[in-house]
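Peer 1: have a look at this prediction, sequence included:
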Amino acid sequence: MSRRRQVRKLGNAVALCLSLLATLIGLLCLGAILWTLIARGLSGMSVQLFTQTTPPPGAAGGLLNAIYGSVIMTVLGMFIGAPIGILAGTYLAEYGRESRLSSVIRFVNDVLLSAPSIIVGLFVYEVLVVRMGHFSAIAGAVALAIIAIPVTVRTTEDMLRLVPQSMKDASTALGAYPWRTITSIAYPAARSGIVTGLLLAVARVSGETAPLLFTALNNQFWSKNLNAPMANLPVVIFQFALSPYKDWQQLAWSGALLITVAILLLSVIARLIISALPGDQGQR
Amino acid sequence: MAIVSAKRAARQRAGERFFRTATLVAAFLVLALLGGVAVSLLRGAWPALSHFKLEFLTREIWNPVTGEFGALAPIYGTLMTSLLAMLLAVPIGFGVAIFLTELCPRRLRRPVGVAIELLAAVPSIIFGIWGLFVLAPILQRQVQPWLIAHVGPLAGIGQLFQGPPFGIGVLSAGLVLAIMVLPFIAAVMRDVFETVPDVLKESGYALGATTWEVIWNVVVPYSRVGMVGGIMLGLGRALGETMAVTFVIGNAHRVSASLLAPGTTISASIANEFTEAVGDLYTSSLVALGVLLFLITFTVIAAARFMLLRLDRRALSTV
């Protein structure tokens, strides 16, 4: 073997080993984070966690009010965000298509998709909290909705575009208006895809902390009032983790484990639905 | 025989008008959202911006007591942590993408890819709490003392590794950020690499090139624009990331040459101080920081999205 050939082969081997190493580093990070979460979070798991509210330092307690608040605000946020996102996605896929306006909207939506969430928090603070004069669960839900909208728009459009044109044409040939075609043909055909998009949006939204910091704030106590500050898991984790009290830090770890497990489950379920879809969309 | 009664036809037409308008309104709402964010932030920031003028950008001082605010330290911290994150995450992300598209046995491709994507789904606050309780102590006890002892005395680069090992600081924030943006960069690069036609790669192999030579001379040049787009998308994330940084940056409004010193970023300052800010000028200064972040990230993200426009849209739907 010539020397030059040896050098090339060596370079190849080194480069490929480095890429393997990079992948191992990535997997190691995921493993390390999950392991820490499980190790530290599990020791705090108890029935108490789900039956008692956040305690003052030194007392026993759970995360009930925070879990409740997170669920309520996520559901409320999705109720506001999902219809808007689905309708806007429908416009892009069915009405606007390749028009100038839809390219602009598509671009803006993509920008919003990766916009920093703390900006959304500031926006809702300026628009809602300042006007209402106080922090509230509603403001938190609106902030979450704004984060859910771009995700939903994107997946809805993508999924509607996968519905075969021939199916829509058949409907049109029977004399149906576009809205009938969309609601009776396209939506049912794209249903599992759209649901997946909503699941991904929920996964994205339920871990968001920054937009809730100055919209929903936090609440030490049990509160069902949507017009008042409401406890939520991410902000409780934030405040408790940075506190000097050991029992608060323990609660933060347990909350972190809960939230991560919930989100990873949602993501995995969404992926399973996608891979069960027929056609080329299931390839990856 | 009338197939469709006039009444039914009218109902269908009304339904069409209603549905069409509803979708159009929703689509415009997306546009309005971006405009609304820009306008409301500028309005909130106006008192501070008109009070400090351009000096806001260049002053390091941040004193709520005397009411003097400057954005230099947060801007520096934001850029520095993001730069560190990109220096680490881009090569590793590139390696992961290469592994997934060119090396990985077909059977492992999906699980490994999904694992990397799951890392992207972990909420940022988890990275923050992990960084504070796990990574920072390791850095403080093992890594930073070594850096101070061995790299610190060197001329030039040594400046970056001075002072006591706090554990938290700019370096730690950069590391946590790197772990956070790694999956995004890896996922986008993988999607970009997958668009390279097999014919091109096969021609490379036919000429006797090694795998690495095909990657470096065929795959990378072909996907250059998309790669840069993916990197900038990751950069956009890093610049705007809040929770992961807030935990480990130390929140000190000063510009230090040393990477080991505590600092702050724009988003961390807002997250830490906003609810405690008293006085209009203080609040307004924080919103003004938000405006800066808005400008920086939106420029980067818009440029990234522009570069990625060519790419198959569906390939990117997870990011």
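Peer 2: Perfect, thanks for sending it.
Peer 1: remind me, longest helix of the chain?
Peer 2: All of this refers to chain A. In chain A, taking DSSP state H as the definition, the longest helix is helix A:3-42.
Peer 1: you looked at the wrong chain, it should be chain B
Peer 2: Max-length helix for chain B by DSSP H is helix B:6-52.
Peer 1: just checking, next helix/strand downstream of the longest helix of chain A?
Peer 2: helix A:48-51 (DSSP states H and E).
Peer 1: what packs against the next helix or strand after that following helix?
Peer 2: Next in sequence after helix A:48-51, counting helices and strands by DSSP H and E, comes helix A:64-90. Using 3 or more C-beta pairs under 8 Å, 6 or more residues apart in numbering or on different chains; DSSP states H and E, the elements in contact with helix A:64-90 are helix A:48-51, helix A:137-161, helix A:191-206, helix A:233-241, helix A:246-276, helix B:6-52. The C-beta positions use only the backbone N, C-alpha and C, and glycine is treated the same way.
Peer 1: and the next helix-or-strand element following the third one, how far out from the chain's middle?
Peer 2: Going back to what we said before, that points to helix A:191-206. Sequence order places helix A:210-213 as the next helix or strand after helix A:191-206, per DSSP H and E. Chain-centre distance of helix A:210-213: 14 Å, with C-alpha atoms, centre = their mean, to the nearest Å.
Peer 1: can you name the residue of the stretch 51-200 of chain A nearest to chain B?
Peer 2: Nearest residue of the stretch 51-200 of chain A to chain B: residue A:116, at 2.5 Å (C-beta to the nearest C-beta).
Peer 1: let me see the contact set for that residue.
Peer 2: Applying C-beta atoms under 8 Å, 6 or more residues apart in numbering or on different chains to residue A:116 gives the contacts A:210, B:239, B:240, B:241, B:242, B:267, B:293, B:297.
Peer 1: need the buried ones from those selected in ChimeraX.
Peer 2: Selection command for ChimeraX covering only the buried members of the contacts of residue A:116, criterion 16 or more other C-beta atoms under 10 Å in any protein chain shown:
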select /A:210 /B:239,240,241,242,267,293,297
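Peer 1: how about the contacts of residue A:116 in JSON lines, adding secondary structure, pLDDT and distance to residue A:154?
Peer 2: JSON lines is the format used below for the contacts of residue A:116 (DSSP: H, G, I helix; E, B strand; the rest coil; pLDDT from 0 to 100; distance: C-beta to C-beta, whole Å):
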{"residue": "A:210", "secondary structure": "helix", "pLDDT": "90", "distance to residue A:154": "21"}
{"residue": "B:239", "secondary structure": "helix", "pLDDT": "93", "distance to residue A:154": "21"}
{"residue": "B:240", "secondary structure": "helix", "pLDDT": "90", "distance to residue A:154": "18"}
{"residue": "B:241", "secondary structure": "coil", "pLDDT": "91", "distance to residue A:154": "21"}
{"residue": "B:242", "secondary structure": "coil", "pLDDT": "91", "distance to residue A:154": "22"}
{"residue": "B:267", "secondary structure": "helix", "pLDDT": "93", "distance to residue A:154": "24"}
{"residue": "B:293", "secondary structure": "helix", "pLDDT": "94", "distance to residue A:154": "23"}
{"residue": "B:297", "secondary structure": "helix", "pLDDT": "91", "distance to residue A:154": "18"}
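Peer 1: so, low pLDDT: which residues of the chain?
Peer 2: Going with chain A. Applying pLDDT under 70 to chain A flags residues A:1, A:278-284.
Peer 1: wrong one, I was asking about chain B
Peer 2: Judged by pLDDT under 70, the stretches of chain B that qualify are B:1-4, B:310-319.
Peer 1: and the residue nearest the centre of chain B, what does it touch?
Peer 2: Residue closest to the mean C-alpha point of chain B, counted by C-alpha atoms, centre = their mean, is residue B:237 at 1.2 Å. For residue B:237, the contact set (C-beta under 8 Å, 6+ apart) comprises A:114, B:180, B:181, B:184.
Peer 1: find the closest residue to chain B in the stretch 151-284 of chain A.
Peer 2: With C-beta to the nearest C-beta, the shortest gap between the stretch 151-284 of chain A and chain B falls at residue A:207, namely 2.5 Å.
Peer 1: hang on, that residue packs against residue A:263?
Peer 2: Yes - contact between residue A:207 and residue A:263 holds when scored by C-beta atoms under 8 Å: they sit 5.4 Å apart.
Peer 1: between those two, tell me which one has more neighbours.
Peer 2: residue A:207 (25 against 21; other C-beta atoms under 10 Å in any protein chain shown).
Peer 1: which residues does that one contact?
Peer 2: Residues near residue A:207 by C-beta under 8 Å, 6+ apart: A:234, A:259, A:260, A:263, B:122, B:123, B:124, B:125, B:126.
Peer 1: rerun at 7 Å
Peer 2: A:234, A:259, A:263, B:123, B:125 (C-beta atoms under 7 Å, 6 or more residues apart in numbering or on different chains).
Peer 1: any idea how far residue B:73 is from it?
Peer 2: For residue A:207, the distance to residue B:73 equals 28 Å [C-beta to C-beta, to the nearest Å].
Peer 1: same question, residue B:204
Peer 2: Taking C-beta to C-beta, one finds residue B:204 at 49 Å from residue B:73.
Peer 1: out of those two, which sits in the busier spot?
Peer 2: Between residue B:204 and residue B:73, counting by other C-beta under 10 Å, residue B:73 is the more crowded of the two (22 against 19).
Peer 1: give the other helices and strands that the helix or strand encompassing the more buried one contacts.
Peer 2: Applying DSSP H and E as the criterion places residue B:73 in helix B:72-98. Judged by 3 or more C-beta pairs under 7 Å, 6 or more residues apart in numbering or on different chains; DSSP states H and E, the packing partners of helix B:72-98 are helix A:3-42, helix B:170-193, helix B:224-240, helix B:266-273.
Peer 1: can you redo the ones you listed as TSV with distance to residue A:271?
Peer 2: Formatted as TSV, the helices and strands packed on helix B:72-98 follow (distance: least, C-beta to C-beta, whole Å):
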stretch	distance to residue A:271
helix A:3-42	15
helix B:170-193	13
helix B:224-240	21
helix B:266-273	30
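Peer 1: how about those helices, which one is nearest residue A:191?
Peer 2: Ranking the helices and strands packed on helix B:72-98 by distance to residue A:191, with C-beta to C-beta as the measure, places helix B:170-193 first at 25.4 Å.
Peer 1: quick one: distance of the closest one to the chain centre.
Peer 2: Remark: helix B:170-193 is offset 8 Å from the chain centroid, using C-alpha atoms, centre = their mean.
Peer 1: let's see that helix as PDB, backbone CA atoms only.
Peer 2: What follows is helix B:170-193, C-alpha atoms only, in PDB (Å, rounded to 0.1, in the frame of the first residue of the first chain):
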ATOM      1  CA  VAL B 170     -20.100  32.400  31.600                       C
ATOM      2  CA  LEU B 171     -18.300  29.200  30.900                       C
ATOM      3  CA  SER B 172     -20.900  27.000  32.600                       C
ATOM      4  CA  ALA B 173     -23.700  28.800  30.800                       C
ATOM      5  CA  GLY B 174     -22.000  28.300  27.500                       C
ATOM      6  CA  LEU B 175     -21.600  24.600  28.200                       C
ATOM      7  CA  VAL B 176     -25.300  24.100  29.200                       C
ATOM      8  CA  LEU B 177     -26.300  26.100  26.100                       C
ATOM      9  CA  ALA B 178     -24.100  23.900  24.000                       C
ATOM     10  CA  ILE B 179     -25.800  20.700  25.300                       C
ATOM     11  CA  MET B 180     -29.200  22.400  24.600                       C
ATOM     12  CA  VAL B 181     -28.600  23.500  21.000                       C
ATOM     13  CA  LEU B 182     -26.700  20.400  20.000                       C
ATOM     14  CA  PRO B 183     -29.800  18.300  19.100                       C
ATOM     15  CA  PHE B 184     -31.200  21.200  17.000                       C
ATOM     16  CA  ILE B 185     -28.100  21.600  15.000                       C
ATOM     17  CA  ALA B 186     -27.600  17.800  14.700                       C
ATOM     18  CA  ALA B 187     -31.200  17.300  13.500                       C
ATOM     19  CA  VAL B 188     -31.200  20.100  10.900                       C
ATOM     20  CA  MET B 189     -27.800  19.100   9.600                       C
ATOM     21  CA  ARG B 190     -29.000  15.500   9.300                       C
ATOM     22  CA  ASP B 191     -32.000  16.600   7.400                       C
ATOM     23  CA  VAL B 192     -29.800  18.700   5.100                       C
ATOM     24  CA  PHE B 193     -27.400  15.900   4.500                       C
END
